[in-house]
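Novice: Next one to model:
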Amino acid sequence: MKARVLGFPVRVDTSAWLVFGFVLLSRAGLGPAGLKDGIVLAGVLLVSILVHELGHALAARRLGLGPVGIMIHGFGGLTASSRPPTPRQGLLLTAAGPGAGLLLAAASAVGLVLLPGSDLRGILGQLLGINLFWSLFNLVPLHPLDGGMLLAHGLLAAGVAPLRTASVVRWVSLASAAIVGLWAVLSGWWFLLVVVGFAAARHLKPGRL
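Specialist: Here you go, the predicted model:
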């Protein structure tokens, strides 16, 4: 599926539809009410990922990095600009994604306070929880999550050599993956374990970021 949002081309990858379909199937067994809840949850996930990526895209546009495209996939999303950012620009560009998610979480919290009897409270609660968790999780220093990207851009902006930066980011990412992976196992968050595993796998061999 392709669309344009705020002037940015957005493509939803097949892997994302598979995840959304799994969400629907996991709730469909609970009857019509469960199916409705699954549709709402899938919609909230889609909106949350899109807002996160729009944060990156709007920052890239503001920084003059050229045409920007967004892809939503099964593990989140990806925003690509035609021109790579400088390390200092990269710090702003990367932080804008979690920032947008936290703003959406804050707006949802305000909605919960202002609409105590609204039928939208369930949706607002999901928006609050998902965006708060996803934004904070993305700040874990595990490349290519935003936290890992912030670490890399920060080191480069501080004048650390690219190869040294790649080495530091690699080991920090592997350590972060081990800690978060253990927490995911103990908590039973298997999907999170898969995300962390795929992110860590790229760091098993030394190389450039």
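Novice: center of the chain - which residue?
Specialist: For the chain, the residue nearest the mean C-alpha position is Gly76 (5.1 Å; CA atoms, centre = their mean).
Novice: wait, what's in contact with that one?
Specialist: With contact set as CB atoms under 8 Å, 6 or more residues apart in numbering, Gly76 has these partners: 49, 52, 134, 195. Where you see a C-beta, it was placed from the backbone N, CA and C, and this is true even at glycine.
Novice: how close does it get to Thr86?
Specialist: Separation of Gly76 from Thr86 (CB to CB, to the nearest Å): 24 Å.
Novice: now Ala200
Specialist: Ala200 is 27 Å from Thr86, by CB to CB.
Novice: Please apply the same query to Gly148.
Specialist: If you go by CB to CB, the gap between Gly148 and Thr86 works out to 18 Å.
Novice: again with Gly99
Specialist: Counting by CB to CB, the gap from Gly99 to Thr86 is 19 Å.
Novice: more crowded one of Ala200 and Thr86?
Specialist: More crowded of Ala200 and Thr86, by other CB atoms under 10 Å: Ala200, with 20 against 15.
Novice: quick one: what helix or strand has that one in it?
Specialist: With elements taken from DSSP states H and E, the one containing Ala200 is helix 190-201.
Novice: re the thing from before, please tell me which one of the contacts of Gly76 counts the most neighbours.
Specialist: Ranking these using other CB under 10 Å puts His52 first, with 28 neighbours.
Novice: so after the helix or strand harbouring that one, what's the next helix or strand?
Specialist: Assigned by DSSP H and E, His52 belongs to helix 32-62. Remark: after helix 32-62, the chain's next helix or strand is strand 68-73, criterion DSSP H and E.
Novice: average pLDDT across that following strand?
Specialist: Averaged across strand 68-73, pLDDT comes to 94.
Novice: how far off helix 32-62 does that strand point, in degrees?
Specialist: Calculated by axes from the mean of the first three to the mean of the last three CA atoms, to 10 degrees, strand 68-73 forms an angle of 150 degrees with helix 32-62.
Novice: Great, nothing more from me.
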